[in-house]
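A.B. asks: okay, predicted coordinates and the sequence, questions at the end:
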Protein chains: 2
Amino acid sequence: MTTIQDIADRLGISKGTVSKALNGASDVSETLRKQVFDTAVEMGYSRLHRLKSNAKKLCVIIENMEYEDPHQFGYDIIMGFRQMAEPAGFIVEVVPVTDKFQKETPFDVFMLQNDYVGAFVLGFSLYEVWMKDFETTRTPVVLYDNYIPANLSIASVGIDNNEGMTLAVNHLKNLGHRKIGYLSTALGSHIMQVRYHAFFQAMKKNGLKADSSCSGASYYITQCIEKHLPRLLNMGITAIICSHDQIANAAIVQCQQLGYRVPKDISIIGFDDLPICAYTSPPMTTIRQNRVELGKCGFYAMSSILNQVSIGTILLHAQLIVRNSTGAAAEATKS
Amino acid sequence: MTTIQDIADRLGISKGTVSKALNGASDVSETLRKQVFDTAVEMGYSRLHRLKSNAKKLCVIIENMEYEDPHQFGYDIIMGFRQMAEPAGFIVEVVPVTDKFQKETPFDVFMLQNDYVGAFVLGFSLYEVWMKDFETTRTPVVLYDNYIPANLSIASVGIDNNEGMTLAVNHLKNLGHRKIGYLSTALGSHIMQVRYHAFFQAMKKNGLKADSSCSGASYYITQCIEKHLPRLLNMGITAIICSHDQIANAAIVQCQQLGYRVPKDISIIGFDDLPICAYTSPPMTTIRQNRVELGKCGFYAMSSILNQVSIGTILLHAQLIVRNSTGAAAEATKS
């Protein structure tokens, strides 16, 4: 069990300072106080939610997303959510759900039975059973990367995908690229649809031509790479933006196997900035969604609904992370 | 000067309870505590920001928007912002600025000279001098109804205009309307552009036809009404959505002068839900943007930037307020 001493050791400060920070003493700076709380949550300091009386329970409902290990996509999102929620006096429980479970138990019943005052929902596809329940629920729900309009109890959080795609296209345009392609997994999720449209919008905004023939989407990554990548390369495309990092990684490998050099012959950009991006060969240029901050956004949205401020959408800034999978366009270097 | 007794009288509770609420005593419910703080801010209880030590200063920078009287557009936005900021320990100062002032004093200099840690910016057009400064500033700025991408110190707040237009078009479609027009003031502001595009998107989503001939935009309201309204009526349009309530009010009056009954011959919807909407003849159906909540969103966004969570956009839910300026489509009643 984590003690105050453990937190003090990790941060290299005294036990007394940790204690003062946790109790809100006025001679501890706001920055240090936040650092202590973040670390306390991260290390599982269990007395945290008992600092405030009448702790209420929130749940993180999760499907189709791994979260148990630090390198997995959901881990940091949940961490960020807890880093805001627990110091504010909430208990956070993570609940993986299946399709079967959703069919058997209506969402509102599940929430009532477990005394949850709100749910942060991760990884849901458009076809999840509870997506229908969310349209009419009066229980506060925050959806990550999903959107349900016209219900004041529902808010959405995610990154600004339009901003992300614009950053990616601008970056390539500045490198001299004009013919840019797009690869995606199946468009059956809200977020893949949003990114797909954002790509074409960003191209248009930059005065670059792109029609649907410049893009390819398939259910499986391997399918997408085999079916669409050679077609795009034959079209004379010099750069490809991918809907997420795994596709981008597969595209880099496949391009190299086909004899194309990355980025000398073709530039490739991912999306998400998973830990893997620093270790692909070459290291991958990508659009970062900061997952800890996404979790914190989730709590901002939850807190607003609980306080009767009907926030519908919170979008985090996207950030371009330039590594080595992008370079000057082949034509541009020749000319 | 407002005293604790004044707050107690307004809320019909004891002075002791007000005092306990202001000092965060645990036997006062969260709901009552918020009510006390909201009222304290509203009544100008001046010791509020001294409840926390080291009070920091925020400013509300305002142009092109009236805010001094309760019926004016900016009043409630600023009130909502203060209702969140002051109990959190901030001092809020309202600073009207002119074009001349912006030209003379760069934004960052102004903020530094006055010790402001952040600015909430209301009423700015796209051509305001400081809009350029915002692109590169490192001072936290929250823009109402404006958008600047790719600067982590800048966030935008507003309502979800796409949701609002969808609610308006759905409402009219359910009443049997198929031919719907759109009237707007000049498209020289970010928000007028957003609403204009949102109208066409909402029509498309509902499977209804609309091209630019169904819309009209002019700089002045009278100009817009004189130039475009007769044209739309001659096209056989049975309903008009307006970019804001003042245009809608002018459209109602003009339709009536031309011999059209509202809503029997033509339905009209406004946007904003200004206090006037309840008193037009007939009372106006409109899309509400809750201005107190918008102000609170402004502080959520500010607080996130100050806490290094790079929120880029917060959108409040739009709400359809049905009054009497909309009714069944003329064709639908005949059939």
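C.D. replies: Happy to help now that I have it. Numbering: from 1, shown residues only, chains lettered A, B, ... in the order given.

A.B. asks: near chain B, which residues of chain A?
C.D. replies: A:26, A:34, A:53, A:149-152, A:159-160, A:163, A:166-167, A:290, A:293, A:296-297, A:300, A:304, A:307, A:309-319 (C-beta under 8 Å from any C-beta of the partner chain). In short, each C-beta sits where N, CA and C put it, glycine included.

A.B. asks: derive a ChimeraX selection command for the buried subset of those.
C.D. replies: In ChimeraX syntax, the buried subset of these is picked out as below (16 or more other C-beta atoms under 10 Å in any protein chain shown):
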select /A:149,150,151,152,159,160,163,166,167,290,293,296,297,300,304,307,309,310,311,312,313,314,315,316,317,318,319
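
A.B. asks: helices - which of the residues of chain A next to chain B land there?
C.D. replies: A:34, A:163, A:166-167, A:293, A:296-297, A:300, A:304 (DSSP state H).

A.B. asks: and the two most separated of these?
C.D. replies: A:Lys34 and A:Thr166 (31.3 Å; C-beta to C-beta).

A.B. asks: circling back to that earlier point, least confident of the ones in helices among the residues of chain A next to chain B?
C.D. replies: Within the set of these, pLDDT is lowest for A:Lys34 (81).

A.B. asks: which ones are touching A:Tyr45?
C.D. replies: A:2-4, A:6-7 (C-beta atoms under 8 Å, 6 or more residues apart in numbering or on different chains).

A.B. asks: now swap in A:Phe134 and tell me
C.D. replies: A:107, A:121, A:141, A:143, A:148, A:151, A:154 are the contacts of A:Phe134 under C-beta under 8 Å, 6+ apart.

A.B. asks: from B:Met165, how far off is the spatially closest residue to it that is not a sequence neighbour?
C.D. replies: Excluding the flanking residues, the one nearest A:Phe134 by C-beta to C-beta, 6 or more residues apart in numbering or on different chains is A:Ile148, at 5.2 Å. Taking C-beta to C-beta, to the nearest Å as the measure, A:Ile148 falls 17 Å from B:Met165.

A.B. asks: for the two, indicate the residue with more neighbours.
C.D. replies: B:Met165 (28 against 19; other C-beta atoms under 10 Å in any protein chain shown).

A.B. asks: okay, strands next: where are they in chain A?
C.D. replies: Secondary structure of chain A, counting by DSSP state E: strands at A:56-62, A:90-96, A:116-122, A:141-144, A:154-159, A:180-185, A:215-218, A:239-242, A:267-269, A:286-288, A:311-316, A:319-321.

A.B. asks: so what touches the fifth one?
C.D. replies: Applying C-beta under 8 Å, 6+ apart, the external contacts of strand A:154-159 come out as A:134, A:137, A:141-148, A:191, A:287, A:289-290, A:294, A:297-298, A:301-302, A:304-305, A:311-318, B:312.

A.B. asks: what lines up beside it in the sheet?
C.D. replies: Strand pairing for strand A:154-159, determined by DSSP bridges: strand A:141-144 (parallel), strand A:311-316 (parallel).

A.B. asks: adding distance to A:Lys173 and mean pLDDT, write those strands out as TSV.
C.D. replies: As requested, the strands paired with strand A:154-159 are arranged in TSV below (distance: least, C-beta to C-beta, whole Å; pLDDT from 0 to 100):
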stretch	distance to A:Lys173	mean pLDDT
strand A:141-144	30	97
strand A:311-316	23	96
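
A.B. asks: got the phi and psi for the residue lying closest to A:Arg178 once chain neighbours are set aside?
C.D. replies: Sequence neighbours aside, A:Leu208 is the residue nearest to A:Arg178 in space, at 6.1 Å (criterion: C-beta to C-beta, 6+ apart). Per-residue torsions, A:Leu208: phi -110, psi 140 (degrees, to the nearest 10).

A.B. asks: tell me who's in contact with A:Leu208.
C.D. replies: A:169, A:173, A:178, A:180.

A.B. asks: distance check, it against B:Thr166.
C.D. replies: 30 Å.

A.B. asks: now do A:Lys15
C.D. replies: 55 Å.

A.B. asks: so which of the strands paired with strand A:154-159 comes closest to A:Ile91?
C.D. replies: Of those, the one closest to A:Ile91 (C-beta to C-beta) turns out to be strand A:141-144, at 16.4 Å.

A.B. asks: bridge partners for A:Val95, pull those for me.
C.D. replies: Assigned bridge partners for A:Val95, using DSSP bridges, are A:Ile61.

A.B. asks: for the single nearest residue of the stretch 1-150 of chain A relative to chain B, which non-adjacent residue is spatially closest?
C.D. replies: Nearest residue of the stretch 1-150 of chain A to chain B (C-beta to the nearest C-beta) works out as A:Pro149 at 4.9 Å. Nearest in space to A:Pro149, with sequence neighbours left out and distances taken as C-beta to C-beta, 6+ apart, is B:Glu163 at 4.9 Å.

A.B. asks: which ones are touching the one you found?
C.D. replies: Neighbours of B:Glu163 in contact, by C-beta under 8 Å, 6+ apart: A:149-150, A:312, B:315, B:317-318.

A.B. asks: likewise A:Ser310?
C.D. replies: A:152, A:304, B:290, B:293, B:316-317, B:319.
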